[in-house]
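>>> need coordinates for the following:
(chains A and B)
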Amino acid sequence: MSTRIRFLVITGALGALSIVLSLTPLGFIPWVGGASLTTMHIPVIVGAVIEGPVAGVIIGGIFGLFGMIRAAIAPQGPLDPLFVNPLVSLLPRLLIGPAAWAVWKLLKRFPVPALILAGIAGSLVNTVLVLSALGLLEALPWKLIAGVAVANGLPEAVAAALITLAVVAAWKRIDTGKGRSSLEDLE
Amino acid sequence: MRDFGSFGGGFDLFRRQASSGSLGQLHPGVKAAGLIVGVGTISLINSASGLLFILCCLLVAAGSTGLSAPRLLRPLLPVTPFLVLVVLLHGLTRSSSPGEALLSRGDILPMLIMSLRIITLMGWIGLSSAAVTTPEVSYGIEALFSPLERFGFPAGELGLIATVTFRFIPFLREESERLAKAQTARGGSLGFRSANPFRRMKAALPTMVPLFIGTLRRAEVLAESMHLRGYREKQSRIRLHRYPVKLQDLLWSAAGAAVLAAAVCMQYADTDARLVRELINSISSFRGVAV
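Residues are numbered from 1 along each chain as shown, chains lettered A, B, ... in the order given. Below you'll find the model as predicted:
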């Protein structure tokens, strides 16, 4: 099968997944004090690791564009009005995929730490770039931004690392046929 | 368990609410270009009068296409308190030197620009998304990037990715609901009630991993079936609907470009200072009446 078709379809499907996560409670893990951790950027990281940096950019674009449209036509959170600006919602999201892919590519020889670090890198790129875009536009004071980055960004990175590791490890095994469940031989 | 159906309810993505008007019947490429050029210009422009001019034109355009102005700005209603707070914070944190007053006259213009930019962007994005349907989105992307095709840019493939994305959304919504309900039926929790935040994070795994793997597996099946049915990315595909470029398209794009260009020109004219002066005058005269 042409890998090109696979690339197109998996990219589109993971883009849809990041949209669906933002529409269901699965996209928001409740965290301390009413804040929630988003998981919507994880499809971008998974896509970048599985299909390469271009897929990461495209899925990140879908995620960012959808976030921008949602902030404009159905804002929910207190910070949503700021996310109608594409410099905040779209531009930083394009770079999640390439960052995660670069880490994965560098450490590919040790898959488990590579996946954990790719998840952390992708998630941190999202947090740091979105928050610094807000800071550069003078939308929020830098002290508040630093607080959000530590309180929300770090647990988000941990969640992203966990889920990326679980998903990609499971998927790669299915793909290569190594280390399958023993039940599959019975079928 | 929280109800999945009601989450994000009342939120229609690309349903073309303005279909009766002339804006809904435009060429999808024109709509896509309008969204990108408009959002780009509005977010980079730095002039209150220019943004106000775009907003007024936007409301007139919305009115002429059957989408009334209040309806266009309705999303603004629930976030108005936050918007006021953010804009005030913006003004307050600007002048941080100790001798200065917290809010001075110099802060009015930046605060005005910030709030106008957010409102205008909301209106522009809202109007663009209300004028499109999902098939038009993928065709619009394809049409927009087709000039780049001769340099090897895969415009058609981007359109296909958009189509696949929209096809997968209903399936994935169903799948996520099914997984969450299966999890609760087995006595597992989604972790919303747990007091320990780390347990809540861990509880997300049993639903997230099958959702991801299900998506990837489904994508693989789709790719395989496309391959077996003879899909080739290089050859041009035939379409059910054709969208010819009409006179209307040219008129609307010329009008949009003129409005944006006028707003950009206002940045270099002295209109902002006059706007602020008028604003201060009207506020002080209002205060005089009140006293």
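>>> alpha carbons only for contacts and neighbour counts from here, please
Will do.
>>> ok, A:Pro141 touching A:Ala133?
No. Between A:Pro141 and A:Ala133 there is no contact under CA atoms under 8 Å: 11.6 Å.
>>> in chain A, where is pLDDT below threshold?
A:1, A:33-34, A:174-187 (pLDDT under 70).
>>> redo that, cut-off 50
A:174-177 (pLDDT under 50).
>>> middle-most residue in it, spatially?
Geometric centre of chain A, nearest residue: A:His41, 2.0 Å, by CA atoms, centre = their mean.
>>> surely A:Val128 and A:Val150 touch.
No. Between A:Val128 and A:Val150 there is no contact, the gap being 10.1 Å when judged by CA under 8 Å.
>>> neighbour count: those two, which is higher?
Taking other CA atoms under 10 Å in any protein chain shown, A:Val128 and A:Val150 do not tie; A:Val128 has more neighbours (16 against 12).
>>> contacts only, for that one.
A:Ala149, A:Gly153 (CA atoms under 8 Å, 6 or more residues apart in numbering or on different chains).
>>> that one should be in a strand, yeah?
No. Under DSSP: H, G, I helix; E, B strand; the rest coil, A:Val128 sits outside any strand and is assigned helix.
>>> give the burial count for A:Ile10, as a bare number.
By other CA under 10 Å, neighbour count at A:Ile10 equals 28.
>>> again with B:Leu89
Neighbours of B:Leu89 (other CA under 10 Å): 16.
>>> right, and it touches A:Leu140 too?
Yes. Counting by CA under 8 Å, B:Leu89 touches A:Leu140, with 7.1 Å between them.
>>> tell me the first helix or strand C-terminal of the top helix by length along chain B.
Secondary structure of chain B per DSSP state H: the longest helix is helix B:155-185. The helix or strand immediately downstream of helix B:155-185 is helix B:197-203, counting by DSSP states H and E.
>>> near chain A, anything from the very next helix or strand once past that following helix?
Using DSSP H and E, the helix or strand that follows helix B:197-203 in sequence is helix B:205-228. Yes. Using CA under 8 Å from any CA of the partner chain, helix B:205-228 reaches chain A at B:205, B:208-209, B:212-213, B:215-216, B:219-220, B:222-224, B:226-227.
>>> buried residues, helix B:205-228. List them.
B:205-220, B:222-224, B:226-227 (16 or more other CA atoms under 10 Å in any protein chain shown).
>>> now swap in stretch A:129-146 and tell me
Buried, per 16+ other CA under 10 Å, within stretch A:129-146: A:129-135, A:137-142, A:145-146.
>>> and A:Ala118, what helix or strand is that in?
helix A:111-136.
>>> just A:Ala146 next, same as before
helix A:142-148.
>>> which helices and strands does whichever helix or strand B:Ala62 is part of pack with?
For B:Ala62, the host element (DSSP H and E) is helix B:48-64. Packing partners of helix B:48-64 (3 or more CA pairs under 8 Å, 6 or more residues apart in numbering or on different chains; DSSP states H and E): helix B:69-72, helix B:108-130, helix B:247-268, helix B:271-290.
>>> could you confirm whether the longest one reaches chain A?
So the one you mean is helix B:108-130. Yes. Residues of helix B:108-130 are located near chain A by CA under 8 Å from any CA, namely B:Ile118, B:Leu121, B:Met122, B:Gly123, B:Ile125, B:Gly126, B:Ser129.
>>> quick one, what contacts the spatially closest residue to A:Arg6 that is not a sequence neighbour?
Leaving out its chain neighbours, the residue that sits closest to A:Arg6 by CA to CA, 6 or more residues apart in numbering or on different chains is B:Ala223, at 5.3 Å. By CA under 8 Å, 6+ apart, the residues touching B:Ala223 are A:Ile5, A:Arg6, A:Val9.
>>> among those, which lie within helices?
Going by DSSP H, the helices hold A:Ile5, A:Arg6, A:Val9 from these.
>>> now, of those, which are buried?
A:Ile5, A:Arg6, A:Val9.
>>> ok, which stretches of chain A are strands?
Along chain A, the segments classed as strands by DSSP state E run A:28-30, A:36-38.
>>> which elements pack onto the first one?
By that I understand strand A:28-30. Going by 3+ CA pairs under 8 Å, 6+ apart, strand A:28-30 lies up against strand A:36-38, helix B:197-203.
>>> where among these is average confidence lowest?
Here the lowest mean pLDDT among those goes to helix B:197-203, at a mean of 74.
>>> pLDDT of the longest helix of chain B, averaged?
The model assigns helix B:155-185 a mean pLDDT of 88.
>>> look up how far A:Val150 lies from B:Val164.
36 Å (CA to CA, to the nearest Å).
>>> follow-up on the earlier one: my read is that the residue nearest to the centre of chain A contacts A:Phe63, right?
Yes. In this structure A:His41 lies within contact range of A:Phe63 using CA under 8 Å: 7.4 Å.
>>> let's have the strands of chain A in TSV, adding distance to A:Ala13 and mean neighbour count.
Formatted as TSV, the strands of chain A follow (distance: least, CA to CA, whole Å; neighbours: other CA atoms under 10 Å in any protein chain shown):
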stretch	distance to A:Ala13	mean neighbour count
strand A:28-30	20	20
strand A:36-38	19	20
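>>> can you tell which of these is closest to B:Leu247?
Set against B:Leu247 and scored by CA to CA, those come closest in strand A:36-38, at 45.1 Å.
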